[in-house]
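Asker: structure, please.
(one chain, ligands or ions: 2)
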Amino acid sequence: MADTPAVPRPDRAPGGPEETGSRIRVAVTGAGGRMGSAAVDAVRAAPDLELVAALRRDDDLEQIVRARADVLVDLTVPESTEEIVHFAVRHGIHAVVGTTGWDDSRLAALRDALTAADGVGVLIAPNFAVGSVLATAFAAKAARFFDSVEIIELHHPDKVDAPSGTAARTAALVADARRAAGTGPSPDATRTEAPGARGADVDGVRVHSVRLRGLVAHQEVLLGSPGETLTIRHDSLDRASFMPGVLLGVRSVPAAPGLTHGLDAFLGLDEAGR
Ligand SMILES: NC(=O)C1=CN([C@@H]2O[C@H](COP(=O)(O)OP(=O)(O)OC[C@H]3O[C@@H](n4cnc5c(N)ncnc54)[C@H](O)[C@@H]3O)[C@@H](O)[C@H]2O)C=CC1
Ligand SMILES: O=C(O)C1=N[C@H](C(=O)O)C[C@H](O)C1
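Answerer: Ligands and ions are numbered 1, 2, ... in the order given. A predicted model of the protein is given here:
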């Protein structure tokens with residue numbers, strides 16, 4: 001990662017585009033991908049936004065600076081996203097990040113970088129679909145009331161990571177809620193197991209990943225207690241489902257300095273989904 005110093009952005013704070021009503025200048029990385037190309041189209045179609053750069057793999061990140069982007073939308077791959085986002089932060093550019101791979105240590109390093117970058121905002125959004133954000137919030141809310149909880153995430157087979165970022169985030173919030181309530185671990189008498197049969201253990205929650213041609217992005221949270229189960233399911237049937245969340249992020253992040261994790265706050269939800 002290049003170690004360039006932060007560049008002051010005189011067009012940012014008082015009198016910047018978010019305050020003057022001028023169009024927000026948006027750059028997209030991963031513009032050649034499934035999500036990036038949809039985001040490019042969505043930004044182009046939004047009257048209050050202006051697409052100023054669309055970068056593909058191997059394009060020079062300096063283009064974002066030369067284009068005087070206000071907000072970067074990153075939709076690349078887990079191996080690239082950290083470097084790209086730190087580059088934006090160092091240059092005083094806000095970022096809306098949909099790419100997966102933001103584990104706790106990466107988030108901590110980003111928080112540190114943002115502390116030094118006065119006024120810059122970054123949204124890390126594990127899922128931009130409103131229904132998915134709500135489903136995760138509902139699951140976190142329900143988690144303490146049931147003996148058992150497991151997650152099944154189902155995606156298209158071109159996805160490079162498993163489990164999904166959404167499932168990892170859901171598992172973390174479910175685990176937090178159960179810890180806070182003193183709920184014990186999900187009961188499980190398994191003694192012999194074919195490798196992977198019980199899924200991945202994410203923060204004490206079993207997560208099962210399905211990859212199937214024909215699917216886009218889907219998740220079920222299964223909760224169970226004696227005599228009853230509750231299933232919270234969300235389906236993204238088309239990448240159009242993600243675009244309102246991307247645009248909400250672009251419009252909201254300039255006024256949200258520091259790190260925002262999840263679209264919840266921009267939707268007016270707190271972490272418990274209220
Ligand atoms: N937060 C959300 O709601 C959603 C997040 N995602 C996530 O977004 C990411 C992208 O997903 P897809 O578009 O399906 O993948 P994709 O593989 O279709 O697109 C990724 C693109 O990024 C490009 N790329 C890689 N490194 C780059 C770099 N350094 N600079 C510029 N471009 C670079 C690749 O060449 C590729 O075109 C994944 O991490 C996925 O999990 C996907 C859907 C929704
Ligand atoms: O790769 C995808 O497609 C998706 N990735 C994100 C994730 O890993 O959670 C969001 C959504 O599930 C689609």
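Asker: CA atoms for contacts and neighbours, from now on please.
Answerer: Noted.
Asker: where does the stretch 1-150 of the chain dip in pLDDT?
Answerer: For the stretch 1-150 of the chain, applying pLDDT under 70 flags the ranges 1-21.
Asker: near ligand 1, which residues of it?
Answerer: Residues of the stretch 1-150 of the chain lying close to ligand 1 (C-alpha under 6 Å from any ligand atom) are 29-30, 32-36, 55-58, 75-78, 80, 98-100, 125-129.
Asker: and ligand 2, which of the residues you listed reach it?
Answerer: Thr100, Pro126, Asn127.
Asker: neighbour-wise, which of the residues you listed leads?
Answerer: Using other C-alpha atoms under 10 Å as the neighbour test, those are led by Asn127, with 26 neighbours.
Asker: for it, give its distance to Gly258.
Answerer: 19 Å (C-alpha to C-alpha, to the nearest Å).
Asker: so the residue in the stretch 1-150 of the chain positioned nearest to ligand 2, which state does it fall into?
Answerer: Closest to ligand 2 within the stretch 1-150 of the chain is Asn127: 4.7 Å, counting by C-alpha to the nearest ligand atom. Following DSSP: H, G, I helix; E, B strand; the rest coil, the label given to Asn127 is coil.
Asker: nearest spatial neighbour of it, skipping sequence neighbours?
Answerer: With sequence-adjacent residues excluded and distances taken as C-alpha to C-alpha, 6 or more residues apart in numbering, Asn127 is closest to Thr166, at 6.0 Å.
Asker: please list the residues of the protein that sit near ligand 2.
Answerer: Counting by C-alpha under 6 Å from any ligand atom, the chain sits next to ligand 2 at Thr100, Pro126, Asn127, Lys159, Ser164, Gly165, Thr166, Ala217.
Asker: repeat the analysis, applying 8 Å as the threshold.
Answerer: Residues of the chain that fall close to ligand 2, judged by C-alpha under 8 Å from any ligand atom: 98-100, 126-128, 153, 155-156, 158-168, 216-219, 236.
Asker: report the contact partners of the residue of the stretch 1-150 of the chain closest to ligand 2.
Answerer: Gly98, Val133, Gly165, Thr166, Phe242, Gly262, Leu263 (C-alpha atoms under 8 Å, 6 or more residues apart in numbering).
Asker: my guess is the first one contacts Ser164. True?
Answerer: No. The pair Gly98 / Ser164 is not scored as a contact, 11.8 Å apart, by C-alpha atoms under 8 Å.
Asker: in terms of contact, does the residue nearest to Asn127 touch Ala129 like I think?
Answerer: No. Judged on C-alpha under 8 Å, Thr166 makes no contact with Ala129 at a distance of 10.5 Å.
Asker: average pLDDT for stretch 167-174?
Answerer: Across stretch 167-174, the average pLDDT comes to 98.
Asker: how close does Ala143 get to Asp104?
Answerer: 22 Å.
Asker: now Asn127
Answerer: Distance from Asn127 to Asp104, by C-alpha to C-alpha: 17 Å.
Asker: what does Asp203 give?
Answerer: 12 Å.
Asker: neighbour-wise, which of these two wins?
Answerer: Taking neighbours as other C-alpha under 10 Å, Asp203 and Asp104 compare with Asp203 leading, 15 against 9.
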